[in-house]
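>>> Let me see the structure of the following:
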Amino acid sequence: MLTDDGVRIEALHQPRTGAGGETAQPGEGPAIVVAHGFTGSLDRPAVRRVAAVLRRHAAVVTFSFRGHGRSGGRSTVGDREVLDLASAVRWARSLGHRRVATIGFSMGGSVVLRHAALHRPGGPDRPTAATPLGPRATGCTVPHRDRLPAYSDAVVSVSAPARWYYRGTAPMRRVHWVITRPAGRVVGRYGLRTRIHTEDWDPVPLPPVAAVPLIAPTPLLIVHGDQDRYFPLDHPLSLAEAAAGAADLWIERGLGHAENAVDDRLLTRIAGWLAESSPGPGQRHNAPRNTS
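Numbers count the residues shown, from 1 in each chain. Below you'll find the model as predicted:
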C-alpha cells in the first residue's frame, strides 16, 4: 500500500474461513483491519494468531505500521500511523468489502481511536495517490480516480492509552527510553526491529481521550485488562467517560497487555460484538449500548 504521505506499507489480506475449512471469495462479507502495537508487525506470532481467530468470522487485513516489519518510513509512535490505517481500510474496500471494522492494540488502539475521529461516515476524506492490488501489498500500486472511503464501520480499542507521555509504570518508562534516547532507538532498530523517527511531535496529535467524543455514532468497544502492566485502569475508564455512554467498556479479569495477552475466547467475543455492531450496507450507524 502507499499512504497519503508516500510511505509504502506491507499488508496482507486473508479471506474468511468457514467452519468446514472452506475459504470465502476475496471481497466477500465484512473485513476486520488489525492494527498492531508498538514493535509489532504482520508477521509477529501474536498478530498472526489474532488474524487466525478473527478469520473464522470475517476477512482480515493485517499490516505493518511504518517503521515496522517490511514497511517503509519510521515510526512516529501513533501520530502519522493514522495514514497507514486509512490506507489499509481503503484497500479492504477496494477488494470489495462493504463493511470494514478496525481493531487496534496498545499503540494501534490509540491509532484506531484517532482514525475513527478523523474519518467519519459521510464526512470529508483526504485524497490518496493509489490503491494496491493483490492479496499481499508491499508497494505494488495503481492510480485510481474513484475515491474510496477510509472510515470504519465499528471500532475496537484494546489496551490503549487515554493520554500521551504516560510514564507512570516501569514498562512505559522503558518504552519512553527506547523512543526518546539515541541509545534506545538503536535498541529499537536492531533489537526490536523498529525504526523510530528522531523528531518530536509538532504539533502534538489529538490524544485518544479527546478523539473518543468525536467517534459516535460509529460503534466503539474499549477493552482493557485489570493486569495491564503498561496502562492502569484509569486509562480505559477515562476513555469510556469521554464517550459519554456511546461506547461499550469491557474490563477483563486477569488480562495483561495487548495482542500478546488476548486469548482465543476473548477474540471470539470481540468478533461477535463486531458482527452485532457493524451495520449492513445501507443501514445507519447506531451508537452501542454502554455495558461498563
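
>>> which phi and psi does the nearest residue to Ser152 once chain neighbours are set aside have?
Excluding its sequence neighbours, the residue lying closest to Ser152 (Cβ to Cβ, 6 or more residues apart in numbering) is Thr102, at 4.3 Å. Yep, even glycine has a C-beta here, placed from its N, CA and C like the rest. The phi and psi values for Thr102, taken as degrees, to the nearest 10, are phi -120, psi 140.

>>> so what's Thr102 bridging to?
Val33, Val155 (DSSP bridges).

>>> That one against Ala150, yeah?
No: when contacts are counted by Cβ atoms under 8 Å, Thr102 is not listed as touching Ala150 (10.2 Å).

>>> Show me which of those two is the more surrounded one.
Thr102 (31 against 26; other Cβ atoms under 10 Å).

>>> and the residue nearest to Ser152, what pLDDT?
Per-residue pLDDT puts Thr102 at 98.

>>> Repeat that for Leu148.
Predicted confidence (pLDDT) for Leu148: 89.

>>> Adjust the sequence numbering to begin at 531 for everything that follows.
Sure thing, new numbering starts at 531, so read that last one as Leu678.

>>> quick check, it in a strand?
No: checked against DSSP: H, G, I helix; E, B strand; the rest coil, Leu678 lies outside a strand; its state is coil.

>>> burial measure for it, as a count.
16.

>>> His754 and Arg799: what is the separation?
14 Å (Cβ to Cβ, to the nearest Å).

>>> Enumerate every residue touching Gly570.
For Gly570, the contacting residues are Ala576, Val577, Ser594, Phe595, His598, Phe635, Gly638, Glu789, by Cβ atoms under 8 Å, 6 or more residues apart in numbering.

>>> The same query, at a cut-off of 10 Å, please.
564, 576-577, 580, 592, 594-595, 598-599, 635-638, 722-724, 788-790 (Cβ atoms under 10 Å, 6 or more residues apart in numbering).
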